[in-house]
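Participant: What would the 3D arrangement of this be:
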Amino acid sequence: MSIIRMKKVAVIGLDTVKEKLISDLMEAGVVQITDQGQRLTEDEGWKNLAVRDGDESRVTALDAEINRVSIALDTLERYSTAKSPLFFTRKAMEKSAFAETVKARQKLFDDVQEVLKRSEEMHKLREKINKRQADLAAVTPWVSYDLPLELTETRRTVAELGVVPSTANMDTLMKRVYDGRETVVLTEMGRDKDLIYLVVITMKEEQENVMTILKQHGFTPVPFAGWVGTAEENRLRIIKEIHEAEERLKQVEKEIESLYSLKDGIACLYDELVIERDRERVLSKLLKTKRTFNLEGWVPEPASDTVDKILSDSGCCYAYRDPKDGENVPVLTSNSSLVYPFESVMEMYSLPDYRGIDPTKYFALFYAMFFGIMLSDAGYGLVIAIACFVVLRKFALEGMTYRMIKMFMYCGISTVFWGAMFGGWFGDFFQVAARTIFHKEITIQPLWFNPIEDPTRLLIWSLVFGVVHLFLGMGIKASMLIKRGQWKDAVFDVFSWYLVILGAAMWLAGGSLSEALVKPGMYMAIAGALILLLTGGRDRKGVGKIIGGLSSLYDVTGYISDILSYSRLLALGLATGVIATVVNTMGSLMGGGVAGTIVLLVVFVIGHTFNLAINALGAFVHSSRLQYIEFFGKFYEDGGEEFEPFRKNTKYVRLTNESNGGKK
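Facilitator: Numbers count the residues shown, from 1 in each chain. Below you'll find the predicted structure:
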């Protein structure tokens with residue numbers, strides 16, 4: 001089983017059972033409820049009969065509460081001294097314990113308020129510190145100015161504080177200000193790379209003329225409105241206020257840290273609010289009359305018995321139907337535990353169309369095999385497999401993270417196999433270590449052959465694996481066509497290519513195995529080419545038939561390109577082995593002894609860590625590419641939308657049943 005068949009269920013029930021039914025369906029988590037609002041715009045009968053259900057104001061209110069709780073949780077996490085786990089996992093919690101926790105709802109809201117109150121205080125303290133630091137930066141250049149800042153004028157004089165650009169010519173400025181004036185004092189209080197700080201004291205009758213000259217040189221007044229005391233007194237006051245605010249900030253951070261024990265309860269409140277919000281939100285997808293409601297949704301065929309029981313217990317009228325042609329049906333896949341992790345590769349590309357084929361079970365083995373050949377070192381494979389195994393045992397991973405880690409564990413096992421076949425164990429580290437440290441020669445023979453010594457052999461096998469991979473994709477395409485009654489397309493557009501590719505391989509390279517393969521290969525290739533030439537334009541008329549046939553035959557360049565793409569198995573496999581060998585050689589340059597051993601081990605750890613990281617990434621990317629472009633390109637019909645059942649989508653708590661050993 002791969003893509004699970006879906007049924008569309010239509011439900012009509014009394015309004016009195018609606019709340020219980022919604023709760024039961026959410027608990028079961030097997031129905032994707034569809035929006036019925038479109039009926040009100042498309043069907044006049046429904047428009048006169050029913051209205052959209054739901055309370056948007058209630059949903060908005062719950063969203064606001066969820067946001068507040070989320071801010072509280074983020075605040076607790078930010079100032080916690082607890083060590084964060086490598087992977088985030090939801091906390092397993094029995095449903096009864098969860099219900100008991102959220103029963104104390106008001107207390108949990110009070111806890112949230114305590115956290116938010118301190119968070120708000122921290123925000124205000126930071127704003128205050130920032131403002132005071134800006135004030136400190138503004139007043140510091142004036143500390144040598146000993147007049148009170150509030151003293152800006154007397155009965156006959158005016159004092160102006162301001163700045164001019166540091167590029168201003170002070171000699172010229174001074175000369176112009178003092179020219180013909182004895183009642184002006186212009187004093188430079190200091191300067192930095194950008195500005196020159198000036199104090200101008202002048203008689204009131206001269207103020208306008210002096211200011212005109214100053215502004216011509218870029219003078220900008222610096223007002224200290226509301227400031228009292230000298231600049232130095234204000235500087236000391238500001239420093240004291242900043243220090244007090246910073247001390248209070250540290251105290252508030254400690255208070256928040258002491259509230260971290262409230263996190264689990266607040267997390268439960270968050271999930272409970274999300275459940276309530278989702279329950280309210282789904283009502284807007286229903287239609288209702290004064291006493292009844294209408295609900296529709298997609299149900300996976302294996303879950304129909306569960307849904308039947310829920311609907312029957314609620315006394316609802318319901319009926320199932322198969323998807324209609326052209327209807328957008330959600331996709332739910334089901335694969336064995338060995339294949340399931342590789343669904344992550346497919347999902348990174350796109351889900352298959354509901355009426356297509358789930359390719360996971362077909363490409364899983366090839367993906368792991370290609371990864372292993374590209375990484376091609378048994379030591380690296382052991383590191384990956386063991387690390388992933390430990391992570392899976394230590395953390396209760398879920399979803400995409402679980403699938404990816406388990407997939408890499410399988411890829412690590414594949415790498416161990418292919419590394420042993422090629423004789424790579426951290427390159428030739430053990431041979432180099434034995435020779436350098438113990439002055440002995442040891443040999444670790446590959447179980448098959450060494451690609452560094454015989455790269456042509458690996459290239460040939462890479463292309464062979466590629467052809468098998470492509471033929472599988474073409475076979476899937478032919479199977480899809482035959483199931484749809486298009487057997488002619490399967491024969492003319494797929495099987496003919498089998499003849500061309502196999503025949504060409506036997507014709508051109510079969511002689512290296514047996515001369516008896518050459519002539520049959522030639523006939524097969526010619527026969528396949530003739531089929532393509534004569535049938536490629538079968539749906540066209542006149543000259544179009546010939547053009548269509550030639551076009552089909554021209555596709556041979558695409559197949560050649562696809563096959564040659566598998567040479568990347570050779571390229572990446574050699575890269576891993578060569579870099580590993582170079583790392584080991586570099587580590588052995590110091591020779592033996594204690595110093596040489598230490599250098600060898602240090603270079604081993606650093607060099608092989610780098611090599612593993614780079615080439616594991618390359619193996620992942622290029623293994624995925626061979627699936628997405630070469631394999632999927634032969635048959636894959638994508639564009640499916642994921643099945644999203646109405647269920648309890650908790651973020652922090654994984655709800656379990658007491659009676660089933662902690663399972664969901």
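Participant: Now do the contacts for residue 597.
Facilitator: In this structure, residue 597 makes contact with 436-437, judged by CB atoms under 8 Å, 6 or more residues apart in numbering. Where you see a C-beta, it was placed from the backbone N, CA and C, and this is true even at glycine.
Participant: repeat that with 7 Å
Facilitator: The neighbourhood of residue 597, defined by CB atoms under 7 Å, 6 or more residues apart in numbering, consists of residue 437.
Participant: in a helix, that's where it is, yeah?
Facilitator: Yes: the assignment for residue 597 is a helix, going by DSSP: H, G, I helix; E, B strand; the rest coil.
Participant: Relative to residue 209, how far out is it?
Facilitator: According to CB to CB, to the nearest Å, residue 597 stands 85 Å off from residue 209.
Participant: Repeat that for residue 306.
Facilitator: According to CB to CB, residue 306 stands 93 Å off from residue 209.
Participant: Name the residue in these two with the higher neighbour count.
Facilitator: Set residue 306 next to residue 209 and count neighbours by other CB atoms under 10 Å: residue 306 wins out with 17 against 14.
Participant: Which positions in the helix or strand where the more buried one lies come out as buried?
Facilitator: For residue 306, the host element (DSSP states H and E) is helix 304-313. For helix 304-313, a neighbour-count test (16 or more other CB atoms under 10 Å) marks 306-307, 310-311 as buried.
Participant: Show me how the chain divides into domains.
Facilitator: In terms of domains, the chain is parsed into 151-223, 340-351+358-495+550-639 (source: automatic domain parsing).
Participant: deepest of those, which one?
Facilitator: For these, the largest average neighbour count (mean count of other CB atoms under 10 Å) is found in domain 340-351+358-495+550-639, namely a mean of 18.
Participant: how far does it stretch from start to finish?
Facilitator: The first residue of domain 340-351+358-495+550-639 is 20 Å away from its last residue (CA to CA, to the nearest Å).
Participant: and that domain, what's its mean pLDDT?
Facilitator: This predicted structure assigns domain 340-351+358-495+550-639 an average pLDDT of 95.
Participant: for the helix holding residue 306, packing partners?
Facilitator: Using 3 or more CB pairs under 7 Å, 6 or more residues apart in numbering; DSSP states H and E as the contact criterion, the neighbours of helix 304-313 among helices and strands are strand 6-14, helix 18-28.
Participant: Could you rerun that using 10 Å?
Facilitator: Secondary structure elements in contact with helix 304-313, counted by 3 or more CB pairs under 10 Å, 6 or more residues apart in numbering; DSSP states H and E, are strand 6-14, helix 18-28, strand 292-300, strand 317-321.
Participant: How about the longest one, which residues are buried there?
Facilitator: Buried residues in helix 18-28, defined by neighbour count with 16+ other CB under 10 Å: 18, 21-22, 24-26, 28.
Participant: Following element in sequence after that helix, please.
Facilitator: Using DSSP H and E, the helix or strand that directly follows helix 18-28 along the chain is strand 32-33.
Participant: Can you tell me what sits against the next helix or strand after that next one?
Facilitator: Past strand 32-33, heading to the C-terminal end, the next element that is a helix or strand (DSSP H and E) is helix 37-42. Contact partners of helix 37-42, identified using CB atoms under 10 Å, 6 or more residues apart in numbering, comprise 45-54, 284-287, 294, 296.
Participant: Filter these down to the ones in helices?
Facilitator: By the criterion of DSSP state H, membership of the contacts of helix 37-42 in helices covers 45-49.
Participant: Strands of the stretch 201-350 of the chain, residue ranges please.
Facilitator: Per DSSP state E, counting those that start in this stretch, the stretch 201-350 of the chain carries strands over the ranges 220-221, 287-288, 292-300, 317-321.
Participant: chain center to the second one, what's the gap?
Facilitator: Put plainly, it is strand 287-288. Here the centre of strand 287-288 is set off from its chain's centre by 38 Å, with CA atoms, centre = their mean, to the nearest Å.
Participant: just to revisit the earlier point, now the helix holding residue 306: average pLDDT?
Facilitator: So the average pLDDT for helix 304-313 ends up being 96.
Participant: Return the residues in contact with residue 14.
Facilitator: Residues in contact with residue 14, defined by CB under 10 Å, 6+ apart, are 21, 291-293, 314-317.
Participant: Provide the partner residues of it in its beta bridges.
Facilitator: Legend: beta-bridge partners of residue 14 under DSSP bridges are residue 292.
Participant: Would you mind finding the longest helix in this protein?
Facilitator: The longest helix of the chain (DSSP H) is helix 105-139.
Participant: Tell me which helix or strand comes right after that one.
Facilitator: In the C-terminal direction, the helix or strand that comes right after helix 105-139 (DSSP H and E) is strand 157-165.
Participant: and after that following strand, which helix or strand comes next?
Facilitator: helix 170-178.
Participant: Tell me which other helices or strands that next one touches.
Facilitator: Using 3+ CB pairs under 10 Å, 6+ apart as the contact criterion, the secondary-structure elements in contact with helix 170-178 are strand 184-191, strand 195-203, helix 204-216.
Participant: Can I get the ones you listed in a markdown table including distance to residue 89 and mean pLDDT?
Facilitator: Below are the helices and strands packed on helix 170-178 laid out as a markdown table (distance: least, CB to CB, whole Å; pLDDT from 0 to 100):
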| stretch | distance to residue 89 | mean pLDDT |
| --- | --- | --- |
| strand 184-191 | 58 | 92 |
| strand 195-203 | 55 | 94 |
| helix 204-216 | 66 | 92 |
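Participant: Residue 540 is nearest to which of those?
Facilitator: Each of these has some distance to residue 540 by CB to CB; the shortest is strand 195-203, at 79.7 Å.
Participant: Tell me the strands beside the closest one, with direction?
Facilitator: Assessed with DSSP bridges, strand 195-203 is paired to strand 157-165 (antiparallel), strand 184-191 (antiparallel).
Participant: Please put the alpha-carbon coordinates of it into PDB.
Facilitator: Output in PDB follows, covering the C-alpha atoms of strand 195-203 (Å, rounded to 0.1, in the frame of the first residue of the first chain):
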ATOM      1  CA  LEU A 195      32.100  67.400  14.900                       C
ATOM      2  CA  ILE A 196      33.500  70.400  16.700                       C
ATOM      3  CA  TYR A 197      31.600  71.400  19.900                       C
ATOM      4  CA  LEU A 198      31.200  75.200  20.400                       C
ATOM      5  CA  VAL A 199      29.800  77.600  23.000                       C
ATOM      6  CA  VAL A 200      28.800  81.100  21.700                       C
ATOM      7  CA  ILE A 201      28.100  83.900  24.200                       C
ATOM      8  CA  THR A 202      27.000  87.100  22.700                       C
ATOM      9  CA  MET A 203      25.000  90.300  23.400                       C
END
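Participant: Take the helices and strands packed on helix 170-178 and lay them out in TSV including distance to residue 449.
Facilitator: Listed next are the helices and strands packed on helix 170-178 as TSV, based on distance: least, CB to CB, whole Å:
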stretch	distance to residue 449
strand 184-191	76
strand 195-203	75
helix 204-216	86
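Participant: So which of the ones you listed is nearest residue 630?
Facilitator: Each of the helices and strands packed on helix 170-178 was checked against residue 630 via CB to CB, and the shortest separation belongs to strand 195-203, namely 65.0 Å.
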